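Student: any chance you could fold what I've pasted below:
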Amino acid sequence: MANESDSKKGAAKGGAKKPSAKAAAAEVPSGPKTPPRLKVLFDTEVRKKVAEQFGIKNPMAQPKLEKIVLNVNMGRHIEGTKIPPEKRSTVLDTLVKISGQKPVVVKAKKSVANFKVREGMETAAMVTLRRDRMWHFLDRFINLATPRIKDFRGVSDKAFDKQGNYAVGVQEQGVFPEINMADVNFTHGMNINVCFARSNAALSKFVLECLGMPFVKPEERKSKKS
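Tutor: The predicted structure follows:
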């Protein structure tokens, strides 16, 4: 009886128990997840255009956007045997902000005396994006980043390999709206590789054009040559 009365007194003093974090999270209403805009465009419109233009009606045979790889070279900033901490942190912070994913630091596999690189030294940072993050990044790059490039006249349409993978370079990280250049201590660029499966150069270019990739226009190319 004493134990029972003590427990009642404790409950009266402490009040009702607080709900656990899991219970609180379960109570928060959550609607259906919104699919990436470019993925919806690809599934609903681009696939039909690919079938009409190239005669590939089987969805399993059509080109598929597989991944996007972001790569930043840090080897040129090596001092002695290491990269200065402030430059290393700037590069990693940039990749985290624009990709929403933790980057991987790449180490040299071989020693190269001409470049003063030894095996095991940190030389680059990279991020591999797949699924929804890949589509969200591509959407931001096409519609937000490229219009912020100085004197922009379009990205090259010649940077495709035989498998249909596309590579484009950015000279400074400030073209991404997530980056505040007042908070960084140096400017760096990056390589962006858009990787396809079941594709070739013509197919990949057609898909990217349908998604809104701003390739250089023929008249702009002629003006550059003249």
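Student: can you pull the phi/psi pair for residue 55?
Tutor: Residue 55 adopts backbone torsions of phi 70, psi 20, taken as degrees, to the nearest 10.
Student: what's the answer for the one 10 residues further on, then?
Tutor: Backbone torsions for residue 65, taken as degrees, to the nearest 10, come to phi -70, psi 110.
Student: bridged to it, which residues?
Tutor: Here residue 65 sits in beta bridges with residue 196, as judged by DSSP bridges.
Student: got the contact list for it?
Tutor: By C-beta atoms under 8 Å, 6 or more residues apart in numbering, the contact set of residue 65 is 42, 134-135, 138, 194-196, 207. For every residue, glycine as well, the C-beta is placed using N, CA and C.
Student: state the pair within the residues you listed that is farthest apart.
Tutor: Greatest spatial distance among the contacts of residue 65 (C-beta to C-beta): 42 and 195, at 14.9 Å.
Student: for residue 182, which three-state class applies?
Tutor: Each residue gets one of three states, and residue 182 gets helix by DSSP: H, G, I helix; E, B strand; the rest coil.
Student: where is the longest helix in this protein?
Tutor: When the chain is parsed with DSSP state H, its longest helix is helix 85-99.
Student: residue 188: neighbour count?
Tutor: Residues lying near residue 188 (other C-beta atoms under 10 Å) number 19.
Student: from the contact counts, what lies against the longest helix of the chain?
Tutor: Judged by 3 or more C-beta pairs under 8 Å, 6 or more residues apart in numbering; DSSP states H and E, helix 85-99 is in contact with strand 64-73, strand 122-129, helix 131-140.
Student: in CSV, list those along with mean pLDDT and distance to residue 214.
Tutor: Compiled in CSV, the helices and strands packed on helix 85-99 are given as follows (pLDDT from 0 to 100; distance: least, C-beta to C-beta, whole Å):
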stretch, mean pLDDT, distance to residue 214
strand 64-73, 95, 17
strand 122-129, 91, 20
helix 131-140, 96, 12
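Student: which of those sits closest to residue 169?
Tutor: strand 64-73 (9.8 Å).
Student: burial check on residue 33, number of neighbours?
Tutor: Here the number of neighbours of residue 33 (other C-beta under 10 Å) works out to 6.
Student: can you pull the pLDDT of it?
Tutor: We have a pLDDT of 79 for residue 33.
Student: now it: how far from residue 43?
Tutor: Noted for residue 33: a distance of 15 Å to residue 43, by C-beta to C-beta, to the nearest Å.
Student: how about the strands in this structure?
Tutor: For the chain, the strands defined by DSSP state E occupy 64-73, 104-107, 122-129, 166-170, 190-197.
Student: tell me which of those strands sits nearest to residue 98.
Tutor: Closest to residue 98 of the strands of the chain is strand 64-73 (C-beta to C-beta; 7.5 Å).
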